[in-house]
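This is a predicted model, with the sequence first.
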Amino acid sequence: MPLKKIEQSVHKEYHRWVLENMSEIFAKVNPNERHFPNFPVQKTHYFSTEFQGHAVDWYVTLNFCNDQLQGGFLINFDVVEGFKPKNHVTCNFYLVDAAKNKFFLGRKNRKFYDYPKFYYPRVHSSCVSGSPNTIDKLLPNDTMTLYIELITYLDGDPIFPDEEMTGYYHPDPSLSDDFSELYKVQDDRDVMIYVQGVAFPVHKRVLRARCPKLYEMVDYHQQISDGNDNKVALTGIEPEIFKRVLEFMYTRNVEDLDDHAVGLLEAASKCELTRLKNLCEQSLISYYYTDENAAEIKSLAAKCGARLLLEKADFSEEEHADEEEDLECYSENGTPEEYSSSD
């Protein structure tokens, strides 16, 4: 039975925060302190939203600290004035690189309840690190761009995606080339990949840069045919899914990834596309993971070697085991009435 995506009524808004002179910011951080308690360098961005006639002011603060190669920052997000919003929200943070690619940094769920059930967001850490070449791509012209996605839930009791950070940004060597414009070009594609009888023309140099696994298959066929065979048949993938795999290879993005996360995860595993695989795992955790389909998702994760999904499944099983243990202790020691009367 196909996994069903969790559908919720939401309203989305987007904001950009551009920070210049990043080298000066990191230069002010004490290199001897991995996590300086007072954070000598802070930058705060304010933005406002208006939804259903209700205005809310928000802030995002970056607390810069020393971490690994170049430096890192802690992200904090909240409302400017407490108790003002009426809806629960999720705020997703992305880093935008020189090629306009967005890389997920993490998210913060903000649940609003009547006092005293009031939860402040925890602070998560992120890091911009890597070689000078990577830094040039992440911080073009010494500038960092954060892309902020604010999701307002219309449902009174929404299902929140996991709050998680990807940790350190791991540079992708294939980012050295930008093929997004080449994606629109059809006439000079020199390789043909057949998926269930459907032909997909591809540029061989794109395969070489983005998908070494497929490139090796094509190169092998050309070698044994003295360069005459530029056609390869690929099994175990649906044509509609492979079309999106190609979209990812050329553009580093899939517009409707969340709607095809299962098939794309299997294809990413088969083609050894690590970044696409991680994106699919994040999507499945955020939009598909429920108690009802936890076993099926764990089986899928094991099949695809999806580490993030397996960790999520194991953590959920531990949580349920703890809950059952608490319930057993509760039932052995008394009823709810007995607890309330003894307080």
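It's in. Numbers count the residues shown, from 1 in each chain.

CA atoms for contacts and neighbours, from now on please.
Will do.

Need the phi and psi values for Gln186.
When read as degrees, to the nearest 10, the backbone of Gln186 gives phi -110, psi -30.

Quick check, pLDDT for it.
On pLDDT, Gln186 comes in at 77.

For Gln186, the count of nearby residues, please.
11 (other Cα atoms under 10 Å).

Quick check: it vs Pro201, distance?
Applying Cα to Cα, to the nearest Å, the value for Gln186 to Pro201 is 8 Å.

same deal with Tyr194?
From Tyr194 to Pro201 the distance is 9 Å (Cα to Cα).

which element is His221 on?
helix 212-224 (DSSP states H and E).

model confidence over that helix, on average?
Mean pLDDT, helix 212-224: 88.

For the helix or strand following it, name the packing helices and strands.
Next in sequence after helix 212-224, counting helices and strands by DSSP H and E, comes strand 231-234. Applying 3 or more Cα pairs under 8 Å, 6 or more residues apart in numbering; DSSP states H and E, one finds that strand 231-234 contacts strand 191-195, helix 212-224.

Most tightly packed of those?
For the helices and strands packed on strand 231-234, the largest average neighbour count (mean count of other Cα atoms under 10 Å) is found in strand 191-195, namely a mean of 19.

So what are the sheet partners of whatever helix or strand comes next after that strand and their directions?
Scanning forward in sequence from strand 191-195 by DSSP H and E, the next helix or strand is strand 198-202. When pairing is defined by DSSP bridges, strand 198-202 lines up against strand 191-195 (antiparallel).

between the partner strand and helix 212-224, how many degrees?
110 degrees (axes from the mean of the first three to the mean of the last three Cα atoms, to 10 degrees).

How far off centre is strand 191-195?
What separates the centre of strand 191-195 from the centre of its chain is 30 Å, taken as Cα atoms, centre = their mean, to the nearest Å.

Residues contacting that strand, please?
Outside strand 191-195, the residues that touch it by Cα atoms under 8 Å, 6 or more residues apart in numbering are 199-204, 218, 230-235, 237-239, 242.

The stretch 101-250 of the chain: helices as residue ranges?
Along the stretch 101-250 of the chain, the segments classed as helices by DSSP state H, counting those that start in this stretch run 132-138, 204-210, 212-224, 239-251.

Check what contacts the helix or strand that the last one is followed by and list those residues.
On the C-terminal side of helix 239-251, the nearest following helix or strand under DSSP H and E is helix 261-271. Residues external to helix 261-271 that are found in contact with it (Cα under 8 Å, 6+ apart): 3, 211, 213-214, 237-238, 241-242, 244-245, 257, 274, 276-277, 280-281, 283-284, 304-305.

if we go to 7 Å?
Cys211, Lys213, Leu214, Ile237, Ile241, Thr274, Leu276, Lys277, Cys280, Ser283, Leu284, Cys304 (Cα atoms under 7 Å, 6 or more residues apart in numbering).

ok, now stretch 12-26?
Stretch 12-26 has contacts (Cα under 7 Å, 6+ apart) with 41, 71, 142-152.
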